[in-house]
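# Provide a 3D model corresponding to the input given below.
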Amino acid sequence: MTRLIGALDHVVLYTGDALAFKSTLEGLIQAPVRAESYYYYKVRPDVDSVAATKALEQRFLGNGMQAESIREEIDTFAGTNTTINALLQDFMGLGLIVGIAAPGMIAAREIVERRQQIGVLRAMGSQRS
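Prediction:
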């Protein structure tokens, strides 16, 4: 679904990077085109931006205001990135453990096979030297 984010006199801008004449769009959807408005507020350093966002949204709920804290969005994005990075590090650590264990298992198998070969040679009369 594409959201209308701005309307100029004759052109409508969509978030999907599509431009259309306002009259053409209104003819297609058979309804008047209404654009959303975005406002950015900067709060003082001593004010909690999340609390201010909730207060704004409650105050202007009747007007259909939906407020979002950019700080909260950044924190959510950073938290998601941290989780993904931790997951990738866990997989790489598991790969490292398997990568180290595999040569050890191969070496142990080679030692067991070599011991059997030495046993057969000794049984046939070969000397230790």
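
# make sure I have this right: residue 47 is in a strand.
No: under DSSP: H, G, I helix; E, B strand; the rest coil, residue 47 falls outside any strand and is assigned coil.

# OK, contacts around it?
For residue 47, no residue meets the contact criterion (CB atoms under 8 Å, 6 or more residues apart in numbering). Just so you know, the C-beta spots here come from the backbone N, C-alpha and C atoms, and that holds for glycine as well.

# can we see that at 10 Å?
residue 55 (CB atoms under 10 Å, 6 or more residues apart in numbering).

# which strands or helices does the biggest helix by length in the chain pack on?
Longest helix in the chain by number of residues (criterion: DSSP state H): helix 70-123. In this structure, helix 70-123 packs against helix 49-59, with contacts taken as 3 or more CB pairs under 10 Å, 6 or more residues apart in numbering; DSSP states H and E.

# now the helix it packs on and helix 70-123, what's the angle there?
Going by axes from the mean of the first three to the mean of the last three CA atoms, to 10 degrees, helix 49-59 is angled at 130 degrees with respect to helix 70-123.

# how far out from the middle of the chain is helix 49-59?
Remark: helix 49-59 is offset 27 Å from the chain centroid, using CA atoms, centre = their mean, to the nearest Å.

# show me which residues of that helix are buried.
Across helix 49-59, burial judged by 16 or more other CB atoms under 10 Å covers 49, 52-53, 56.

# now this protein, which segments are flagged as low pLDDT?
For the chain, applying pLDDT under 70 flags the ranges 1-22, 25, 33-38.

# go with 80
The model of the chain has pLDDT under 80 over residues 1-41, 62-66, 128-129.

# ok so, going back, out of the buried residues of helix 49-59, which is nearest to residue 30?
residue 56 (34.3 Å; CB to CB).

# and the gap between the closest one and residue 64?
13 Å (CB to CB, to the nearest Å).
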